[in-house]
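Participant: predicted coordinates and the sequence they were generated for:
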Amino acid sequence: MSISALSDLIDPAKCPRLVLKVGSALLVGVDGAPRRDWLAALVAEIAAARGRGQEVLVVSSGAIALGARRLGMDKGGRGSLSDAQAAASVGQIALAGLWAELLGQHGLIAAQILLTLDDLEDRRRYLNATATLGRLLSAGAVPVINENDSVATNEIRFGDNDRLAARVAQAAEAKGVLLLSDIDGLYDRDPRAPGAQRVPLVRGVTAEIHAMATGGSSSGLGSGGMTSKLQAAEIAELAGIALGIVDGRPESPIGHALGEGSGTLFLSRGKRRARKAWLGGRMRVKGSVHVDAGAAKALARGSSLLAAGVTAVDGAFERGDVIAVIGPAGAVLGRGLSEYDSADCALLLGHSSHKHAGILGYAPRSAIIHRDQMVML
């Protein structure tokens, strides 16, 4: 059964495992104190979901804001990277305690998991995270996940929990993601503009859909905006996961959104094999290869990428690294695991396979990227 409406996200038959993302502006007030009554009502909704047989994972922001209040930092703890790391160190304790307390009132056990970008970009660590999440859920716990901002730097961080939620859903093999936001969905233009219309259903995040988004968080507390939510939707749809955006501001926000018929649902593209879903969701690549029109057509038919169709190599990468495949028009066609390092790729580009052994001095591999190690976007 596929998810075709927002209400399907709370149906355990269609969505047995759901990732719920809660932003800083919803969980923390402008004074930096937690909004306990609002959060208690949301936890009651989570408990109700568990009661009807649905597993729920929570991706929760708020650590930096909570920690900044306790440390007396201005700018919500985001004045500098060191401020944010220090605030997160204090705030994570408060945030985990808050979730544990409120979930405990419903007889539920909270489990804290802190992740960095590398934890989900590295294949082995990704599989470890998958195993941990699965075991926690089978034991009846509610995983509460956040980015490990106390150690993450600009180079190794997601930067927003929207994309983290999509990647967690992929790792946890969830069917749906629900982003609680400070807006009730995607609009066809700036929602403050006259005549702006909410888009209730999106079948594929295209350039036209991206053009509707406005970046930045209206609250000043969070780090995401509609642009990050669309990026999350892209990650989710490639992994066969539906993603919804609803207004999280009312009390009991999930029930309110479904009762009002508001929000936006992004449909999935269908289930992909696990490795290809992981490749499609990756946010960082180590380099890229450019291909000609003939190679682009062959890739669209499901072929492997051969060196004869490669026209240029960018970046420094090793065998096994994830690289992007760029078409003749400059668009990213896909990404995959390179069979060669960048130096050997540069030697082979444009040459037919029968010449490779002579160029390299060793028995060549079958392709630059094998079709089984590549995902088209």
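Facilitator: Yep, it's here.
Participant: ranges for the strands of the stretch 201-350 of the chain?
Facilitator: With DSSP state E, counting those that start in this stretch as the criterion, the stretch 201-350 of the chain has strands at 201-202, 242-247, 264-266, 287-291, 310-314, 322-326, 332-337.
Participant: which one of these lies nearest to residue 104?
Facilitator: Smallest distance to residue 104 across the strands of the stretch 201-350 of the chain (Cβ to Cβ): 25.9 Å, for strand 242-247. From N, CA and C alone the C-beta is placed, and that goes for glycine too.
Participant: contacts for that closest one next, please.
Facilitator: 3, 6, 8-9, 15, 166, 175-186, 229, 232-233, 236-237, 253-254, 256-257, 262-268 (Cβ atoms under 8 Å, 6 or more residues apart in numbering).
Participant: using the three-state scheme, assign the closest residue to residue 254 other than its chain neighbours.
Facilitator: The shortest distance from residue 254 to any non-neighbouring residue, by Cβ to Cβ, 6 or more residues apart in numbering, is to residue 45 (5.0 Å). Following DSSP: H, G, I helix; E, B strand; the rest coil, the label given to residue 45 is helix.
Participant: low-confidence ranges in the stretch 101-250 of the chain?
Facilitator: Applying pLDDT under 70 to the stretch 101-250 of the chain picks out residues 152-157, 159, 214-224.
Participant: tell me how the protein divides into domains.
Facilitator: 6-278, 285-376 (automatic domain parsing).
Participant: in stretch 141-155, which residues are buried?
Facilitator: 141-150, 152 (16 or more other Cβ atoms under 10 Å).
Participant: now distance to residue 275 too, for these, in JSON lines please.
Facilitator: Conversion of the buried residues of stretch 141-155 to JSON lines gives the following (distance: Cβ to Cβ, whole Å):
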{"residue": "141", "distance to residue 275": "27"}
{"residue": "142", "distance to residue 275": "28"}
{"residue": "143", "distance to residue 275": "23"}
{"residue": "144", "distance to residue 275": "28"}
{"residue": "145", "distance to residue 275": "22"}
{"residue": "146", "distance to residue 275": "26"}
{"residue": "147", "distance to residue 275": "24"}
{"residue": "148", "distance to residue 275": "25"}
{"residue": "149", "distance to residue 275": "29"}
{"residue": "150", "distance to residue 275": "31"}
{"residue": "152", "distance to residue 275": "25"}
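Participant: quick one, strands of the stretch 51-200 of the chain?
Facilitator: According to DSSP E, counting those that start in this stretch, the strands that the stretch 51-200 of the chain contains are 55-60, 109-115, 141-147, 176-181, 186-187, 198-199.
Participant: show residues contacting the third one.
Facilitator: Outside strand 141-147, the residues that touch it by Cβ under 8 Å, 6+ apart are 46, 50, 56-63, 92, 95-96, 99, 103, 108-116, 133, 136-137, 157-158, 161, 164, 168, 172.
Participant: now the buried members of those.
Facilitator: Using 16+ other Cβ under 10 Å, the buried ones in those are 46, 50, 56-63, 92, 95-96, 99, 103, 108, 110-116, 133, 136-137, 157-158, 161, 164, 168, 172.
Participant: for the stretch 251-377 of the chain, what are the low-confidence residue spans?
Facilitator: 270-274, 282-283.
Participant: where do the helices sit along this structure?
Facilitator: Under the criterion DSSP state H, the chain contains helices at 24-27, 36-51, 63-71, 81-104, 117-121, 123-138, 161-171, 207-211, 226-238, 253-260, 274-281, 293-300, 342-348, 356-360.
Participant: just those helices: most buried one?
Facilitator: helix 161-171 (a mean of 28; mean count of other Cβ atoms under 10 Å).
Participant: ok, residue 35 touching residue 25?
Facilitator: No. Residue 35 is beyond contact range of residue 25, at 9.6 Å (criterion: Cβ atoms under 8 Å).
Participant: perfect, I'm done here.
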